[in-house]
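S.K.: fold the following and give me the result.
(one chain, ligands or ions: 1)
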Amino acid sequence: MTTTLPAYDEVVARYEPVIGLETHVELGTNTKMFCGCPTDFGGEPNTRVCPVCLGLPGSLPVANKAAIEAIIRIGLALNCSIAEWCRFARKNYFYPDMPKNFQISQYDEPICVDGYLDVEVNGETVRIGIERVHLEEDTGKTLHVGGATGRIHGATESLVDYNRAGIPLVEIVTKPIPGTAALAPEVARAYVTELRDVIRTLGVSDVRMEEGSLRCDVNTSLNLPGQEWGTRTETKNVNSLRSVERAVRSEMLRQASVLDAGGRITQETRHFHEESGDTTSGRSKETATDYRYFPEPDLVPIAPDAAWVAELKAALPELPRVHRRRLQEQWGLSDLDMQSVLNAGAVELIEATVAAGTTPAAARKWWLGELSRRANESGVELADIGATPAQVAELQGLVDAGKLNDKMARTVLEGVVDGEGSPTEIMTSRGLEVVSDTGALTVAVDEAIAANPGIADKIRSGKVAAAGALVGAVMKATRGQADAATVRELILARLSG
Ligand SMILES: [Zn+2]
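M.R.: Residues are numbered from 1 along each chain as shown. Now for the predicted structure:
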């Protein structure tokens, strides 16, 4: 499209966005949802299959209790009501990666309903309503070969791998989220981040977006103030937290340009493209009636015992929000400082660095400073930057031991991020170590004093602040490998009395 998009500020001044998120989480159970096939990732194609997950005639599904326990725990953590009785439903559609030609899912009787998740955005708490959390089975994977970039167009063959078919999948659907105005993209990202952290804390999934165990569809619509909500689109293929934010923003801009031109928004799915950050039209959205849902006749209803649910609730771990408050207190941070830690996605990283023996202040300095800057520059999540908490702790240990000064530590950290090895190895291989040999430094100090007699006189007459210029000269002479504090002490000792 060649249309020039309007500026974001203008869009949010004229329109009100309503967003909604549908998130799929692959559960980390040992076996599949309705059969005993293993769920481990990476097996040869079609080696984790049996008559049930291949949909062979006469095979019968049996629900996985561990998956039901996991979804109830997710529902409880999201403040949902847990149904006393509910059923699975057949969602009918023909697709090659769905061998039964229907998916066992839940329709009008989901197991968890009507909850919420509180998220922090810019220091404000936004309560996101949860409409439902239900259980279903994953599909297989289709691979198109012989064409460009794995697309079906131009492919000579399509292959199907059913290893993933039947892996338990939890779908979490929010209620529509109005009223976020310009913050809509950030709210969407904050929600998915918080949801990921909650689920990870529960230990029921590894929730890795890049590996597809957490997948997110983003609904976006715009309306004029005081008017009805607009037609929404559903953006698929959103594979990172950053993309969640970008997808909402890009869809808001696109919809505004359509509406500004007097056009109408089509209800459809759209695909998000990582490289360009924009969305393109997918298929027009099916409505529920297209799927001809009906109760699954091969499975008994789920009727979780109230005492069991109460037991699961009592055994929930400390959830991220509570955990963060406790850390904020331990680290002695203001709300604002804690917010920047959160925005940077650095809570767990700092926590792990502190656990490896670094002070909270030093850990925060590295993760929010140098490493955040590098992550922003290369457009990756901080956690994927290439430095581990253990390495950052090791680096700070070298600084604390006086072996590296701040500038050198930053150079070493660059090497860590570039995969050159551990901080100690890089310090050695790059020949970086603080010159603390006072003999060698004294020579450099004397040279600096001799070369700057005017400054030396000032210091002699008590103007200690002038020492900075001499420290700079010595640092330059030692190519930054001296400890500035030691140099300063030596200069002042030389020129006093
Ligand atoms: Zn199976």
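S.K.: give the pairing partners of the lowest-mean-pLDDT helix or strand in the chain; include direction for each.
M.R.: Lowest by mean pLDDT, DSSP states H and E among the helices and strands of the chain is strand 279-284, with a mean of 81. For strand 279-284, the paired strands and their directions (DSSP bridges) read strand 268-272 (antiparallel).
S.K.: the strand it pairs with: which residues count as buried?
M.R.: By neighbour count on 16 or more other CB atoms under 10 Å, the buried set for strand 268-272 is 269, 270, 272. Glycine gets a C-beta too; all of them are placed from N, C-alpha and C.
S.K.: any idea which helix or strand comes after the least confident helix or strand of the chain?
M.R.: Remark: after strand 279-284, the chain's next helix or strand is strand 294-295, criterion DSSP states H and E.
S.K.: close to the ion: what parts of this structure are there?
M.R.: 35, 37, 50, 52, 53 (CB under 5 Å from the ion).
S.K.: just list the residues touching the closest residue to the ion within the stretch 201-350 of the chain, thanks.
M.R.: Taking CB to the ion, the ion has its nearest neighbour within the stretch 201-350 of the chain at residue 298, 14.3 Å off. The contact partners of residue 298, taken as CB atoms under 8 Å, 6 or more residues apart in numbering, are 60, 61.
S.K.: tell me the buried residues in stretch 473-493?
M.R.: For stretch 473-493, the neighbour count (16+ other CB under 10 Å) marks 473-475, 477-478, 480-484, 486-491 as buried.
S.K.: cool, stretch 279-299 as well?
M.R.: Using 16+ other CB under 10 Å as the test for burial, stretch 279-299 gives 279, 291, 293, 296, 299.
S.K.: excluding its backbone neighbours, what's nearest residue 345?
M.R.: residue 382 (4.9 Å; CB to CB, 6 or more residues apart in numbering).
S.K.: wait, doesn't that neighbour sit right on residue 368?
M.R.: No. Taking contacts as CB atoms under 8 Å, residue 382 lies outside contact range of residue 368: 9.0 Å.
S.K.: quick check: neighbours shared by those two?
M.R.: Counting by CB under 8 Å, 6+ apart, the common neighbours of residue 382 and residue 368 are 344, 346.
S.K.: give the buried residues for the helix or strand harbouring residue 310.
M.R.: Taking DSSP H and E as the criterion, residue 310 maps to helix 306-314. The neighbour-count check on helix 306-314 (16+ other CB under 10 Å) flags 309, 312 as buried.
S.K.: what are the buried residues along the next helix or strand after it?
M.R.: Once the chain leaves helix 306-314, the next helix or strand it forms, by DSSP H and E, is helix 320-331. Buried residues in helix 320-331, defined by neighbour count with 16+ other CB under 10 Å: 320, 321, 323, 324, 327, 328, 331.
S.K.: test my guess that the fifth one contacts residue 348.
M.R.: No. The criterion here is CB under 8 Å, and residue 327 misses it with residue 348 at 9.7 Å.
S.K.: quick one on the thing from earlier: which one of the buried residues of stretch 473-493 is nearest to residue 24?
M.R.: Of all the buried residues of stretch 473-493, residue 24 sits closest to residue 480, with 50.8 Å by CB to CB.
S.K.: could you pull up the residues touching whatever residue of the stretch 151-300 of the chain ends up closest to the ion?
M.R.: Taking CB to the ion, the ion has its nearest neighbour within the stretch 151-300 of the chain at residue 166, 5.5 Å off. Applying CB under 8 Å, 6+ apart, one finds that residue 166 lies in contact with 32, 33, 34, 35, 37, 52, 53, 137, 138.
S.K.: which of the three states applies to the fourth one?
M.R.: Following DSSP: H, G, I helix; E, B strand; the rest coil, we place residue 35 in the coil state.
S.K.: how many residues are close by the nearest residue to it once chain neighbours are set aside?
M.R.: Once flanking residues are discounted, residue 35 sits nearest to residue 52: 3.7 Å by CB to CB, 6+ apart. Using other CB atoms under 10 Å, the number of residues around residue 52 comes to 21.
S.K.: surely residue 52 meets residue 59?
M.R.: Yes. The criterion here is CB under 8 Å, and residue 52 meets it with residue 59 at 4.5 Å.
S.K.: picking that back up, now do the residue of the stretch 201-350 of the chain closest to the ion, the pLDDT please.
M.R.: If you check residue 298, the pLDDT there is 96.
S.K.: now do the one 5 residues further on
M.R.: At residue 303, the predicted lDDT confidence score is 97.
S.K.: so who does it touch?
M.R.: Shown in contact with residue 303 (CB under 8 Å, 6+ apart): 84, 85, 86.
S.K.: what does it show for phi and psi?
M.R.: Backbone torsions of residue 303, given as degrees, to the nearest 10, read phi -140, psi 80.
S.K.: start and end of stretch 162-182, how far apart?
M.R.: This stretch, stretch 162-182, spans 42 Å end to end (CA to CA, to the nearest Å).
S.K.: which parts of it are buried?
M.R.: 162-174, 177, 180.
S.K.: low-confidence bits of the protein, can you list those?
M.R.: Counting by pLDDT under 70, the chain contains low-confidence ranges at 1-3, 285-288, 436, 497.
S.K.: which residue is nearest the middle of the chain?
M.R.: Centroid-nearest residue in the chain, with CA atoms, centre = their mean: residue 241, separated by 4.5 Å.
S.K.: quick one: contacts for that one?
M.R.: Residue 241 neighbours (CB under 8 Å, 6+ apart): 189, 192, 193, 196, 209, 345, 381.
S.K.: could you confirm the fourth one falls within a strand?
M.R.: No. With the criterion set as three-state DSSP, the secondary structure at residue 196 is helix rather than a strand.
S.K.: pull the number of nearby residues for the residue lying closest to it once chain neighbours are set aside.
M.R.: Closest residue to residue 196 apart from its sequence neighbours, by CB to CB, 6+ apart: residue 207 at 4.8 Å. By other CB under 10 Å, 21 other residues sit near residue 207.
S.K.: and the one 3 residues further on, by the same measure?
M.R.: Residue neighbour count, defined by other CB under 10 Å, stands at 10 for residue 210.
S.K.: and what of the one 3 residues further on?
M.R.: The criterion is other CB under 10 Å. On that basis, residue 213 has 20 neighbouring residues.
S.K.: ditto for the one 10 residues further on
M.R.: A count of neighbours around residue 223, defined by other CB under 10 Å, yields 17.
S.K.: quick one, strands of this structure?
M.R.: With DSSP state E, the ranges of strands along the chain come out as 16-26, 81-82, 89-92, 102-105, 112-121, 124-137, 141-145, 157-161, 168-174, 214-223, 233-238, 268-272, 279-284, 294-295.
S.K.: the second one pairs with which strands, parallel or anti?
M.R.: Looking back up the chat, that one is strand 81-82. The pairing partners recorded for strand 81-82 under DSSP bridges are strand 112-121 (antiparallel).
S.K.: and the strand it pairs with, what's buried?
M.R.: 112, 113, 114, 115, 117, 119, 120, 121.
S.K.: for these, which one is nearest residue 253?
M.R.: residue 121 (20.0 Å).
S.K.: is that closest one in a bridge, and if so with what?
M.R.: With DSSP bridges as the criterion, residue 121 is bridged to residue 124.
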